[in-house]
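Novice: Structure, please.
(chains A and B)
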2 protein chains.
Amino acid sequence: MPGPRGNAVIGQSGGPTAVINRSFVGAIIEARKHTEIEEFWGALHGIQGMLEDQYVPLFKQPSFVLDQIARTPAAALGSVRKKPSQEECRRIFESFKKRSVRYFFYIGGNDSAETAHVINDFAQDESYDLRVVHIPKTIDNDLLVTDHCPGYGSAARYVACAFLGDKEDNRALKGVKINICMGRNAGFLTAASTLARQYPKDGPHLVYLPEAPFDLDRFLGDVDGVIREYGRALIAVSEGINVEGNANVGPDAKPTYWSQTFSGWVSVDLPEKYRGEESGKVETDSHGNVQLSGSGTLGDVLAALVTSSLGAKRVRADTLGYPQRSFPLSVSETDAREAQMVGVDAILAATQANFDSGSLAIRRIEGLGEYRSETFITPLTSVQRQTKRFPTEWIQDGNNVDERLFRTYAEPLVGELPMTGRFVQAVY
Amino acid sequence: MPGPRGNAVIGQSGGPTAVINRSFVGAIIEARKHTEIEEFWGALHGIQGMLEDQYVPLFKQPSFVLDQIARTPAAALGSVRKKPSQEECRRIFESFKKRSVRYFFYIGGNDSAETAHVINDFAQDESYDLRVVHIPKTIDNDLLVTDHCPGYGSAARYVACAFLGDKEDNRALKGVKINICMGRNAGFLTAASTLARQYPKDGPHLVYLPEAPFDLDRFLGDVDGVIREYGRALIAVSEGINVEGNANVGPDAKPTYWSQTFSGWVSVDLPEKYRGEESGKVETDSHGNVQLSGSGTLGDVLAALVTSSLGAKRVRADTLGYPQRSFPLSVSETDAREAQMVGVDAILAATQANFDSGSLAIRRIEGLGEYRSETFITPLTSVQRQTKRFPTEWIQDGNNVDERLFRTYAEPLVGELPMTGRFVQAVY
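Specialist: Down below sits the predicted model:
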């Protein structure tokens, strides 16, 4: 028996995705086959449940429940955005010791990898025999080392399909449409909008990623040019567009986000009786991330600028919002399969002889003529906190992506899209 | 041969839907079987194309193109929001006479029915033999007479699925989430959010429709109560919530929309150089409708009120936006079939002996133990301009819908939803 005999704990952390529960269920199904794992506990809301000793017994769950949970968006165990302090680590290890926990699996992004690393360091300092595996998940696709992240393919499929519908809408009722996409520091999700292009003149006509500097005058000039050419414009904008472009900045850089600049231009004058102490506060989580998603300000101000400055008609903005990470009907088959694979492989890795800790990563198996992938282990330190950026060589003119390079990368992850129709001898 | 020999024109009008092209293609396929229709012309952008004599020859389109177009969201011919003046009618009839047009089909909502009626009246005044059929379509589901409207089932399926993902998201990372749904004057689309409920405590916990009066203090009290009970809240809000509730007001009523009140509370201070003459104008179309969709203001201000007034944490708002009417992966099978049916039946009706004009409507065939429907013809005047409201007896306490009554009505139209999973002996 290569791994130590004992119990295992798994938790989910960070923003939910449409397929994170597949990794979770993959791990449960595989763990059942390994006799050295005696009990498998699911921590409710990740670190939070571990602090409060709140666990679900996973081996007791019937197969039909696991099947349903695997297909359910978000995080069945509940999620959390929290980095444990040393004092909190001490309490977690009290609980681990009491429960004879020898395996710890944490599903999440780069912040969750940091948490896994903190837990692993604490175990080493305490000379406590614990095997720690970070299981990757993020719709932003911004983890280092791995080719791509589980969760991205499905979120990208949502974005591509939203633009697929919207490119037809924009053609049917001409106007300027701006869609704000998630991805605070990496442009992969916004770039997925370009997969919607199927015919000449199809939108999105302009694509703005956080990696490229975003300049307002340049933007308005771009939009004006597209309106003059097509009589309409469909535009994809990342929530993370910023003044400098963040292609080459480290994890502690604080870019000047346009969303924050615009928030300063907008004032909400609530009637006196509704004003509380909380008004106007900027929210951050305990990893120090500024909260951007869910706000219509970025899109609304860009739309106001286009209307006001260019005199354009029918200017609208949508913020694509949470459906990007949780819409149940846009799951990519490849993404679902790989999400399950990283869950299974996390158990396989952890129960190997001489395994210590690490993060699962995915690489493509080249030369097969079709898309195939496999996992490998990379050190937690190679993944934690840092952010992978959209490759600058895939960005064109600061307002578009190189479609050939990006499609080669993304299409296998997103899957085939519905094909829109055009009249023969199209006249408009 | 029951109908006059001649040519036919078809147009699409109003907001696009995911299935409007199925009605369009259904009409083409059926028209091919009727020898009295010699040529079938598609008017580009509805009335606009008829004014500019811009038509696509539809019988020349190959079957594979029609198949693709039927599956394409939005309006293949292009759409328009325009009511023709008498002078414009005169120009349209010049074009009709030149082209020997004897059949006119117009796919759209109550405004499009009004346009069809104007065209029909003009033909009668001119003693010009023209058969006019309005083919219903609207995601709002607000046409009178018909049991429901093609386009609604798919839009409702989108809303239900967006909430299905979001109820899991809200459970995984607790907070207050407000989703703004389309439906300016009718609550059917917002009510579809309740189809996402599958387990006790599932959201949406509060549902606000335009038909019920919306009071801010009452709303904040409702939200506070839900947070105290569940530690979180998922809330569905119609874009059309207003002060009085519009259950019993006519087509010319001007409700006091909260979205407009809130717009007055929000000021955007654009830098001088970006300020143009267009800033701050309220847009209306030529039917007099105020433009609401695409703006994040309603959700953002409601979120600010909840944060500020209740001191709630993690308050977010999404405006579900255009994906409601154009997302390609949430088409309801029933909706797709019925959209095709109204297109086919419009041709069948128009080519009957003694047909004059009318609008297609749908009724349920009762007593079969399964959902079935059929069409019938109703006068254009019974549909035009007026709006069907969500039944007040289906509204509960002003902040919810009667789930049993609404599900009986809506489930057959929306189709089965994915089933989310729960642990046995759930502990949270």
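Novice: Residue A:331 is in contact with residue A:152, isn't it?
Specialist: No: counting by Cβ atoms under 8 Å, residue A:331 sits too far from residue A:152 to count as a contact (12.0 Å). Every residue, glycine included, has its C-beta placed from N, CA and C.
Novice: Which one's more surrounded, those two?
Specialist: More neighbours surround residue A:152 than the other of residue A:331 and residue A:152, with 31 against 24 (other Cβ atoms under 10 Å in any protein chain shown).
Novice: The more buried one reaches residue A:335, doesn't it?
Specialist: Yes: counting by Cβ under 8 Å, residue A:335 is a contact partner of residue A:152 at 7.0 Å.
Novice: overlap in contacts of those two?
Specialist: By Cβ atoms under 8 Å, 6 or more residues apart in numbering or on different chains, residue A:152 and residue A:335 have these common neighbours: residue A:413.
Novice: Now do the buried residues in stretch A:94-114.
Specialist: By 16 or more other Cβ atoms under 10 Å in any protein chain shown, the buried positions in stretch A:94-114 come out as A:95-96, A:99, A:101-114.
Novice: Apologies, that question was intended for stretch A:205-225.
Specialist: So, applying 16+ other Cβ under 10 Å, buried residues of stretch A:205-225: A:205-214, A:216, A:219-220, A:222-224.
Novice: Also near chain B: which of these, exactly?
Specialist: Among these, the ones lying near chain B by Cβ under 8 Å from any Cβ of the partner chain are A:216, A:220.
Novice: How about the contacts made by the closest residue in space to residue A:257 that isn't next to it in sequence?
Specialist: Spatially, and ignoring its direct neighbours in sequence, residue A:257 is nearest to residue A:242 (4.9 Å; Cβ to Cβ, 6 or more residues apart in numbering or on different chains). For residue A:242, the contact set (Cβ under 8 Å, 6+ apart) comprises A:210, A:213-214, A:255-258.
Novice: Confidence-wise, which helix or strand of chain A is lowest on average?
Specialist: In chain A, the helix or strand scored least confidently by mean pLDDT, DSSP states H and E is strand A:266-268, which has a mean of 81.
Novice: So that strand, near chain B or not?
Specialist: Yes: Strand A:266-268 lies within reach of chain B by Cβ under 8 Å from any Cβ, at A:266-268.
Novice: List buried residues within these.
Specialist: Buried members of the residues of strand A:266-268 next to chain B, scored by 16+ other Cβ under 10 Å, are A:266, A:268.
Novice: got the angle for the helix ranked longest in chain A vs helix B:152-172?
Specialist: If you go by DSSP state H, chain A has its longest helix at helix A:152-172. If you take axes from the mean of the first three to the mean of the last three Cα atoms, to 10 degrees, helix A:152-172 sits at 140 degrees to helix B:152-172.
Novice: Give me the residue at the spatial middle of chain A.
Specialist: Here the mean C-alpha position of chain A is nearest to the C-alpha of residue A:139 (Cα atoms, centre = their mean), at a distance of 2.0 Å.
Novice: how about the nearest residue to it, chain neighbours excluded?
Specialist: Residue nearest to residue A:139 in three dimensions, not counting chain neighbours: residue A:155, with 3.6 Å by Cβ to Cβ, 6+ apart.
Novice: how many neighbours does that neighbour have?
Specialist: With other Cβ under 10 Å as criterion, residue A:155 counts 35.
Novice: which ones are touching it?
Specialist: Here residue A:155 is in contact with A:17-18, A:139, A:182, A:189, A:192, A:324-325 (Cβ under 8 Å, 6+ apart).
Novice: again, only using 10 Å
Specialist: A:15, A:17-19, A:138-141, A:149, A:181-183, A:188-189, A:192, A:320, A:323-327, A:330-332, A:335, A:414 (Cβ atoms under 10 Å, 6 or more residues apart in numbering or on different chains).
Novice: Only the buried subset of those residues, as a ChimeraX command please.
Specialist: Selection of the buried residues among the contacts of residue A:155 in ChimeraX, burial being defined by 16+ other Cβ under 10 Å:
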select /A:15,17,18,19,138,139,140,141,149,181,182,183,188,189,192,320,323,324,325,326,327,330,331,332,335,414
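Novice: Could you verify my assumption that residue A:182 touches residue A:15?
Specialist: Yes: taking contacts as Cβ atoms under 10 Å, residue A:182 lies within contact range of residue A:15: 8.6 Å.
Novice: By proximity to chain B, which residue of chain A wins?
Specialist: residue A:296 (1.5 Å; Cβ to the nearest Cβ).
Novice: related to what we said a few turns ago, partners of the least confident helix or strand of chain A, with directions?
Specialist: Next to strand A:266-268 in the sheet, as set by DSSP bridges, lie strand B:266-268 (antiparallel).
Novice: Tell me the gap between the very next helix or strand once past the partner strand and the middle of its chain.
Specialist: The first helix or strand that comes after strand B:266-268 along the chain, using DSSP states H and E, is helix B:297-310. Relative to the centre of its chain, helix B:297-310 is centred 27 Å away, using Cα atoms, centre = their mean, to the nearest Å.
Novice: Beyond helix B:297-310, next helix or strand please.
Specialist: For helix B:297-310, the following helix or strand on the C-terminal side (DSSP H and E) is strand B:315-319.
Novice: Any idea how far the helix or strand that that next one is followed by is from the middle of the chain?
Specialist: Heading C-terminal from strand B:315-319, the first helix or strand you meet, by DSSP H and E, is helix B:323-326. Distance of helix B:323-326 from its chain centroid, counting by Cα atoms, centre = their mean, is 10 Å.
Novice: got the angle between the following helix or strand past the longest helix of chain A and helix A:152-172?
Specialist: Sequence order places strand A:176-181 as the next helix or strand after helix A:152-172, per DSSP H and E. Interaxial angle of strand A:176-181 relative to helix A:152-172 (the same axes, to 10 degrees): 170 degrees.
Novice: ok, strand A:176-181 near chain B or not?
Specialist: Yes: applying Cβ under 10 Å from any Cβ of the partner chain, one finds strand A:176-181 touching chain B at A:177-180.
Novice: now for that strand, which elements pack on it?
Specialist: Here strand A:176-181 touches helix A:152-172, helix A:188-191, strand A:206-208, helix A:216-230, strand A:233-238, helix A:297-310, strand A:315-319, going by 3 or more Cβ pairs under 10 Å, 6 or more residues apart in numbering or on different chains; DSSP states H and E.
Novice: Next, see if the last one gets close to chain B.
Specialist: Translated: strand A:315-319. Yes: against chain B, strand A:315-319 shows contacts by Cβ under 10 Å from any Cβ at A:315-319.
Novice: and the residues you listed, which are buried?
Specialist: By 16+ other Cβ under 10 Å, the residues of strand A:315-319 next to chain B give A:315-319 as buried.
Novice: Let me have those in TSV, extended by pLDDT.
Specialist: Shown next, in TSV, are these (pLDDT from 0 to 100):
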residue	pLDDT
A:315	94
A:316	94
A:317	95
A:318	95
A:319	95
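Novice: gap between the helix or strand harbouring residue A:121 and the chain center?
Specialist: If you go by DSSP H and E, residue A:121 is part of helix A:110-125. On the basis of Cα atoms, centre = their mean, helix A:110-125 sits 21 Å off its chain's mean C-alpha point.
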